[in-house]
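> Any chance you can model this:
(chains A and B)
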Amino acid sequence: MNQMASHSPLRFKNRLYYALLAAGGLIVLLGLYAAHMMETHGHIITGMNNQIVWGAPHVFAIFLIISASGVLNVSSIGSVFNKPAYKARAPLAGLLSIAMLAGGLTVLMLDLGRPERIIVAATHYNITSVFAWNILLYSGMFAAVVVYLWTMMEQRMKAWSKPAGFLVLVWRFILTTGTGVIFSFLVARQAFGTAILPPMFIVISFAWGMAVFHIVQSSIYAWNAKSLDEYVQKRMRNLMGLFVIAALYFVATYHLTNLYFAKQTEFERFILIGGGVYPLLFWAGYILVGNILPLLLIYHPSFGKTGSVIVASILIIFGGFSLLYVLIIGGQAFPLSIFPGFEASSSFGDGAIGLYQPSIPEIMLGVGGVGISFLITAIGIRVLDFVPREIPKSP
Amino acid sequence: MSDINVQRRQFLKTSVGAAAVAIAPGMLLFDMAHGKTEAVTGKVRWGMLIDTANCADGCNECVTACNKENGLSGGLSPTDSQWIRKVDLRDKRSGREFSLPMMCQHCENPPCVDVCPTGSSFKRADGIVLVDKHLCIGCRYCMMACPYKARSFVHEPLHDQKPDVPRGKGTVESCTMCVHRVDKGQQPACAEACPNKSILFGNLNDPESDISKKIRSVASIQIRADLGLNTGLRYQGL
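Predicted coordinates:
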C-alpha cells in the first residue's frame, strides 16, 4: 500500500512529462505543416504582402533570437563575473539559449520564399549583407555555447569555462548587435535606420532572457518540488526589474528623439496615437502590461514572491511580443516617404498605411518555433544535468 | 593489311562526320541562346529621364506595356507584382497635382544589392539592377531596404511565363529595364509605349546621347537624392 502511494505520483509525473513532450511535438508538427502549406501555396496564404513583407513569423523569430542572447546573461554573471548563485544556473541558461536560437532560426528559415535553397546562403555569400554576417554569427553562437556547456559539464575542462564564458559574452553582444543592425541599416524606413536599435536590442535581450529564465527555472523547481533559495530569488528578481527599466529607457529615448525631428513626427503620431492596433499594443501591451505591471509585481513590497515573479515574467514576454509587433510590423505599415512634401497615392500603396492581418499558418509557424525551443529544453533537462544545484548561502 | 587500312580510314571518316552532325546543332543552339557574346561594360550606363509635365493623368500605357512585355498579371492586390506604377502626387503647399511612373530607380549604390545575403540582387556593369532568380532565397530583405518600394515578392505559383523573363514563386522581382530588349538594341517597353514620349531612355555615359544632352539642358532631379544613391532614373518637373 505504502509502496503504491510513493510510486504512483512518480508514475503520474512520468506520464505527464511524456504528455507534455507529445504536446510540444504536436505544436512543432503543426508549425512544419504550416511551412509546407506556405511552400506549396506561396505566401499568399499569409497576411504578408508587398508592403508588410515581414510579419508574425519574424516577430516570433526575432523574439526568440533576442531572448536566446539575453538568457546567457545568467551564465555571464556566473562565469565571467564569478557570482556562484548564477554559476549554478549557467548550464541551464546555455541550454535555453541553444533551444531558443534553434527555434527562432527554424522559423526564419521556413518563412523564406525558397526555404529549400537555404544552402545557397552558404555557397553564395555577399560580404556587405548583414544577413550574411548573421549566418556566421548564429552558427558561431551555437558552437560557442556548446563548447561553453562542455567546459562546464566536463570536470577536466572546468578550467576553460571562464574563457569560454567570456567568448560567449563577447559573441552574444556582437550577435544581438547584428540583429539590431538588420533594422539599423534600412536607411529609408522611418521606423528603422537609427543606431540606437542595436544597443536597445542588447538591453531588451537582458530583460526578455531573464523573464524566460525565471519561468523555466520556476517550472523546474515546481516540477522537482524544490523551492528556490530566497536570497537567489530576490537577486534575480531585482536584476530582471533593473533590465526592464533599462529597456524602457532605450525605447523612450528612441521615441523622444524621433518626436524632436519634424520629419519623424508624423511617423510617431502614427505609432503612438493614430495607428489603431499599433498605439494600442504599444501603450497597453508594452507600456502597461510589459512594464508597469511587472515592475509593480517585482518591486512592490506586497508582491515579489515566486508567484508574482512568474506572472511578471509572463507579462514581460507579452510586452516583448507587443513591442516587436509595433516596431517590425508598425514600422512597415507606415508608408515610405518617397516624395517628401507631396501627398502620394497609387495602385501599389504609395502614401497609404499598409494593411496586415496575421493568418493562421504564419502564427502556427511562429508558435512551432516556440515548440522547438520547448522540446529541446524539456529533453535537454531530462537527459543531461542542467537542473541548477543550489550552493547554499551564496555571497 | 591495306584492307584494314581502308576500313580504318572509313571508320575515322564516319566517326568525324557523326561527331560533327551531333555537335553542330548544339553549337548553333548555344550561340542562339547566348545571343550577343560580348559582355556588358561600364562604358555604358543605362538610364531614363521622365518628363512629368508630359505624363498624362489617368494614362497607364507604360504600365500596360510592362505587364504585357514581362508577363505580369496586371492584378492590383497588395500581393500582386507591380514593376511599374503610376503615382498621383499633390503638392501639400501649393496644391499642384500631377502623376508620374515609378519603378526601380537602378541606383549606382543600390541598398538592395548591399543587403542581399546571397548576392542574388546585383548590378550589371551597365547599371541595370537585377535579381538572379536562381540565387534568390526569398528573404525579402531587399524589399525592406529599397527606398522606392520598387520590388515585389511572388506570392503565388506562376503559369505561362515569358521565356525571356524568368520569374518564380517565392522570389523577389522588379523592373529589369527590359534588359532582354536593351541587349538586343531595343528600348524598354514602357519607354516605347508612352504616347507622349515622356520616358527618354539612353546611355548616361555618352555625352552625345539624347538623354545626356537633355539632362544638360533641362532641370531634372533624382528622387530622394538626399540618400546619395545616384539613381539611373531622373525626373523632370517634379
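> Quick one: residues contacting residue B:222.
Residues in contact with residue B:222 (Cβ atoms under 8 Å, 6 or more residues apart in numbering or on different chains) are B:105, B:229, B:230, B:231, B:233, B:234, B:235. All C-beta spots, glycine's among them, are computed from the backbone N, C-alpha and C.
> residues in contact with the closest residue to chain B within the stretch 1-150 of chain A?
Nearest residue of the stretch 1-150 of chain A to chain B: residue A:113, at 1.8 Å (Cβ to the nearest Cβ). The contact partners of residue A:113, taken as Cβ under 8 Å, 6+ apart, are A:42-43, B:136-140, B:153-154, B:169-172.
> Now tabulate those in JSON lines and tack on distance to residue B:17, secondary structure and neighbour count.
Shown next, in JSON lines, are the contacts of residue A:113 (distance: Cβ to Cβ, whole Å; DSSP: H, G, I helix; E, B strand; the rest coil; neighbours: other Cβ atoms under 10 Å in any protein chain shown):
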{"residue": "A:42", "distance to residue B:17": "51", "secondary structure": "coil", "neighbour count": "20"}
{"residue": "A:43", "distance to residue B:17": "54", "secondary structure": "helix", "neighbour count": "27"}
{"residue": "B:136", "distance to residue B:17": "45", "secondary structure": "coil", "neighbour count": "27"}
{"residue": "B:137", "distance to residue B:17": "47", "secondary structure": "coil", "neighbour count": "26"}
{"residue": "B:138", "distance to residue B:17": "49", "secondary structure": "coil", "neighbour count": "21"}
{"residue": "B:139", "distance to residue B:17": "52", "secondary structure": "coil", "neighbour count": "26"}
{"residue": "B:140", "distance to residue B:17": "54", "secondary structure": "coil", "neighbour count": "22"}
{"residue": "B:153", "distance to residue B:17": "52", "secondary structure": "strand", "neighbour count": "24"}
{"residue": "B:154", "distance to residue B:17": "48", "secondary structure": "coil", "neighbour count": "23"}
{"residue": "B:169", "distance to residue B:17": "46", "secondary structure": "coil", "neighbour count": "19"}
{"residue": "B:170", "distance to residue B:17": "47", "secondary structure": "coil", "neighbour count": "23"}
{"residue": "B:171", "distance to residue B:17": "45", "secondary structure": "coil", "neighbour count": "22"}
{"residue": "B:172", "distance to residue B:17": "49", "secondary structure": "strand", "neighbour count": "28"}
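> Mark which of the contacts of residue B:222 are part of helices, please.
Among the contacts of residue B:222, no member is found in helices (DSSP state H).
> PyMOL command for the buried members of those?
Selection of buried members from these for PyMOL, criterion 16 or more other Cβ atoms under 10 Å in any protein chain shown:
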select buried, chain B and resi 105+229+231+233+234+235
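> Give me the below-cutoff pLDDT ranges for the chain.
You didn't say which chain, so I picked chain A. For chain A, the stretches with pLDDT under 70 are A:1-7, A:304, A:390-395.
> you looked at the wrong chain, it should be chain B
Chain B contains residues with pLDDT under 70 at B:1-2, B:31-37.
> tell me the helices in it, going along the chain?
Taking DSSP H to define them, one finds helices in chain B at B:2-34, B:61-70, B:111-115, B:141-145, B:179-182, B:189-193, B:210-217.
> do the same with the stretch 251-395 of chain A
Per DSSP state H, counting those that start in this stretch, the stretch 251-395 of chain A carries helices over the ranges A:262-269, A:277-280, A:293-299, A:306-324, A:331-333, A:360-383.
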